[in-house]
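1. Just the structure for this:
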Amino acid sequence: MKKILVALKSLNLGRFSKIGAVAILVLLWGIALIPRIYWFTQKDALHNDEVTTVLYAEYNELGWIRHFPQQIPFSGKQIKEAFLMTDGAVKDIFSDIGKLWQDTRDSFHTNLYFSLFRIALGTLQSGNFKDAIFRGAILNLILFSISFFMFFLLLRLLFKQSKFLPYLAVFCTFMSTATISNTILLRPYQLQEAMFVVLSYFLIKFLSRDKIAVLENKKKYLSLSFFFIMTIMTGLTLDSAFFSILFVAFIGIYALGYCVYTKRFRDIGAYFIIVVCALMFAQTINQKYLGNLFGNVAAALNWKTEVATANSASSASASDISGSANLGTAASGEMIVSIDASAQGDMAVSAEASATLEEPPRITTFEDQLNSIYKIPTFTTLMGHFYTYYWTLPVLIVSLLILCFAIMYFLERIKKKEGGETEQVPKPDWRKMVLDFIFSPYFGLTVCAFLFIVFSVFLAIFKELRYGIAMYPFMIILPIFLLNSIQDKRIIYAMGIALAISFSATAFNESKIPYIWRGYPEKLYRFAAEPKIPAFIICTTNHYPLILPYLADDQIYIFDTNIYTAFEKFQFDEFFLIMNDPIINDNIIDSKIWEIKEAYKVGVNIGLWTVGKLKRLVPAAVPITIENGS
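-> All right, here's what the predicted structure looks like:
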């Protein structure tokens, strides 16, 4: 028996404890992975910007800055392969990354995510957008994993005294619908989230001097290796997206305040050098980073003038439209158009011969969106984002309970009970308590996160969740801090479990997960269900992403910028007219020759396209036989 006890004592139980801790973390990561994989499999369509992600990554000019050849019949398969397919050679991957390094072709976006996306696409030879979704899913799941594990390490730095709370916080964070939505959106925001977490981890290590100092004459100095790593991480954060500079600025201000408060003035200079070197590194990996950054700032300062110009143009355009004939007016004058608007702002308009629509549907133009750029997001808008995707009602209730318990135990610490009587503790230093809390990393990171969300939504043209979504993981820090202040472990575990359940309850709720569009191609792009009827596509290249991925493989499509020349050359008896114009009416179609069978809007995120199904009333002068273009 004694030999067994001696053998047990000789075992390194700490090692088994570490293995168990890692196993629990991996289990939580696997659980958080499940809803992400599930929603990727349910993703039936792409946001307009997700399509441009593919175009940016593979540096495709056709369909981006160059038109498809006009008045040449192409099959849908040919168009999609030319639009979405990579060159198919390994050397082309490096060639495209080099081009992105030189110029992303969009001054509002950096190159890092698109370069990674190009690597993920590899030598993909497919025009099916779902293949691109699969490759993008692999990339975003890798970035999510980096974010997950680094956030856990960050939480361990913040809550060293608790083994339970870091696991709880990382689970709640990555089971929220906000972070799930971020992963399934094929845009730079998942990279942005990962880099924010990594940079915050190194910032807390910098401020705490945790295992990063070199001792010399009893003074602490920043180690060269840590200086190098933090510079690289800051540079990569800057190049994850242009808005990232806001977060770098906010945490820089916090770090400055913390160093002044703790009288670590030497670190101020060190951090300043880190940021300067990081900007130089960002410029190194993105040749136009600083130029585009300053250009964007200058453009922002001139936006008021652009808004005024857009207002005038929008008014003139509205006057022109108001003088036009109504949508769907046909030769018979008998037609009704019904409009279905989904929760995600999509539009589908179907038509049947019955009555005349008096007013065309309201189309939200780019100018309309531009007009709102200087409107500060209202409290209702921001809280709507929080409530819909993060602070749902169950989460809000549990968080308020945690706050109540935290206040109760705080007041108990102010008073102590001795011998059945309550005596006041010596008056606390309230000023020091408040300053300690303000300069604590819990409060500092939370405030930086909230400021980033507010400013990014304010500066963005479209007031959407995705511009601030990268900061949502940090919103869990303050509730966990309050939970940590409760002295009763039973309450901590009870509230923690309740918080975990409330966050994960909506992980599979489709109404809380944007960017899925399940069933939308069949619902909106109904012309693709009739492949025997050819279609004219009349538009500019910047509208291609809204429609080209959803073309039918065996349907014939003809591009043109002039509707009249297209009609003259191809005298079809029946065809679809697909154009980025708000209306199809008698001003466009000669009602003596054509009957408008139906007209509806398409576009999975913005209703910019109008589809009309036309049938010839007068026999064609010359029968047309078409062959696919090459």
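
2. Only C-alpha atoms from now on, for both contacts and neighbour counts.
-> OK.

3. quick one: low-confidence ranges for this protein?
-> Applying pLDDT under 70 to the chain flags residues 1-16, 210-222, 299-389, 415-428, 462-463, 542, 581-590, 603-608, 618-630.

4. Show me where it has its strands.
-> For the chain, the strands defined by DSSP state E cover 73-75, 213-216, 219-222, 336-341, 347-352, 415-418, 421-424, 535-538, 556-560, 574-579, 594-602, 609-616.

5. Any idea how many residues pack against Ala89?
-> Using other C-alpha atoms under 10 Å, Ala89 is surrounded by 13 other residues.

6. which ones are touching it?
-> Thr123 (C-alpha atoms under 8 Å, 6 or more residues apart in numbering).

7. Can you report phi and psi for it?
-> Torsion angles at Ala89 (phi, psi; degrees, to the nearest 10) stand at phi -120, psi 150.

8. for Arg518, same thing?
-> phi -70, psi 130.

9. Offset the numbering so it begins at 20, please.
-> Sure thing, new numbering starts at 20, so read that last one as Arg537.

10. Skipping adjacent residues, who's closest to it in space?
-> In space, and not counting its chain neighbours, Arg537 is closest to Asp63: 5.0 Å by C-alpha to C-alpha, 6 or more residues apart in numbering.

11. and what of Leu633?
-> Excluding its sequence neighbours, the residue lying closest to Leu633 (C-alpha to C-alpha, 6+ apart) is Ile615, at 4.7 Å.

12. That neighbour contacts Arg635, doesn't it?
-> No. Applying C-alpha atoms under 8 Å, one finds Ile615 not in contact with Arg635, separated by 9.1 Å.

13. what about these two, which has more around it?
-> Between Ile615 and Arg635, Ile615 has the larger neighbour count (other C-alpha under 10 Å), namely 27 against 17.

14. ok, the more buried one to Phe215 distance?
-> Relative to Phe215, Ile615 is positioned 53 Å away (C-alpha to C-alpha, to the nearest Å).

15. Could you pull up the residues touching Glu593?
-> 552-553, 632-635.

16. and the residue nearest the centre of the chain, what does it touch?
-> In the chain, the residue lying closest to the centroid (C-alpha atoms, centre = their mean) is Arg485, at 3.9 Å. Residues near Arg485 by C-alpha under 8 Å, 6+ apart: 201, 208.

17. How about Arg85?
-> Applying C-alpha under 8 Å, 6+ apart to Arg85 gives the contacts Thr560.

18. give me the beta-bridge partners of it?
-> Here Arg85 sits in beta bridges with Leu81, as judged by DSSP bridges.

19. how far away is it from Arg137?
-> From Arg85 across to Arg137, the span is 20 Å (C-alpha to C-alpha).

20. give me phi/psi at the residue nearest to Arg537?
-> Per-residue torsions, Asp63: phi -100, psi -10 (degrees, to the nearest 10).

21. any idea how far Leu543 is from it?
-> Distance, Asp63 to Leu543, using C-alpha to C-alpha: 12 Å.

22. Those two: which has the busier surroundings?
-> Neighbours were counted for Asp63 and for Leu543 using other C-alpha under 10 Å; Leu543 has more, 21 against 18.

23. right, and that one touches Trp628 too?
-> No. Using C-alpha under 8 Å, Leu543 makes no contact with Trp628, being 10.6 Å away.

24. OK, contacts around Gln302?
-> By C-alpha under 8 Å, 6+ apart, Gln302 lies in contact with 308-309.

25. where's the nearest residue to Ile199 once chain neighbours are set aside relative to Gly515, distance?
-> If the residues on either side of it in the chain are set aside, Ile199 comes closest to Arg55, at 6.0 Å by C-alpha to C-alpha, 6+ apart. Counting by C-alpha to C-alpha, the gap from Arg55 to Gly515 is 23 Å.

26. now Met598
-> Met598 sits 54 Å away from Gly515 when distances are taken as C-alpha to C-alpha.

27. Also Phe595?
-> 57 Å.

28. what do you get for Ile556?
-> 55 Å.
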